[in-house]
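A.B. asks: got a sequence here, can you build the structure:
(one chain, ligands or ions: 1)
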Amino acid sequence: AKQRTFIMAKPDAVQRNLIGEIMQRFERKGFHLIGAKLMNVPRELAEEHYAEHKEKPFFGELVDFITSGAVFAMVWEGENVIATARNMMGKTNPAEAAPGTIRGDFGISMGMNIIHGSDAPETAEREIKLWFKEDELHVYEKTI
Ligand code: CMP
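C.D. replies: This is a model prediction of the structure:
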């Protein structure tokens, strides 16, 4: 089914000029970009986004990293985009991510792993609402 997912190029990706590389992979795969913004992340937003990890030992480090520089937040739309994007990203730990995946090709460490993507339909809905207003999302007309 047609889905939407929240994808974020993390501060390491932005610093290393990898935004275009990441977007090109999603475009070539056939997904449509329906929202995007380069932004600094307020601490409260980072904590809300990563709320499920609040009790983890790396939570502080994770929030520090995501608020350390600009991120590029995106919403992508397409057939089965949530799981497909996760496959394109590769495993969370870049050391285990297969070559050819985004993290496998560019990731350095568990923390600096380039990209975030929603892991399920409920998560995608929650994250898109958290990061974007409805009027920031583009609706494609059936012209092509
Ligand atoms: P992400 O997909 O953004 O979701 C949670 C993030 O926590 C994950 O990517 C990793 O970047 C980060 N993470 C997971 N485990 C660890 C860890 N052990 N140490 C530091 N960061 C971690």
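A.B. asks: need the residues of the protein near the ligand, please.
C.D. replies: For the chain, the residues in contact with the ligand (CB under 6 Å from any ligand atom) are His53, Phe58, Glu61, Leu62, Thr92, Met110, Gly111, Asn113, His116. Using the backbone N, CA and C atoms, a C-beta is placed for each residue, glycine as well.
A.B. asks: surely the last one touches Ile7?
C.D. replies: Right, the one you point to is His116. Yes: with contact defined as CB atoms under 8 Å, His116 counts as touching Ile7 (7.0 Å).
A.B. asks: the helices in the protein, which residues?
C.D. replies: 11-15, 19-29, 43-49, 59-66, 81-89, 102-106, 121-131 (DSSP state H).
A.B. asks: what's around Glu79, how many residues?
C.D. replies: 10 (other CB atoms under 10 Å).
A.B. asks: ignore what I typed, I meant Gly60.
C.D. replies: Gly60 has 9 nearby residues by other CB under 10 Å.
A.B. asks: then the one 3 residues further on?
C.D. replies: Other residues near Val63 number 20, with proximity taken as other CB under 10 Å.
A.B. asks: what bridges to His32?
C.D. replies: In this entry, His32 is beta-bridged to Glu77, by DSSP bridges.
A.B. asks: I'd like the distance between it and the ligand.
C.D. replies: For His32, the distance to the ligand (CB to the nearest ligand atom, to the nearest Å) stands at 22 Å.
A.B. asks: can you check Met39 too?
C.D. replies: The value you get for Met39 to the ligand, if CB to the nearest ligand atom is used, is 16 Å.
A.B. asks: same check, this time on Glu48
C.D. replies: 13 Å.
A.B. asks: quick one: that residue and Trp131 touch, right?
C.D. replies: No: between Glu48 and Trp131 there is no contact under CB under 8 Å: 9.8 Å.
A.B. asks: quick one on the thing from earlier: more neighbours, His116 and Ile7?
C.D. replies: Set His116 next to Ile7 and count neighbours by other CB under 10 Å: Ile7 wins out with 27 against 20.
A.B. asks: from Glu55, how far off is the more buried one?
C.D. replies: Going from Ile7 to Glu55 by CB to CB, to the nearest Å gives 25 Å.
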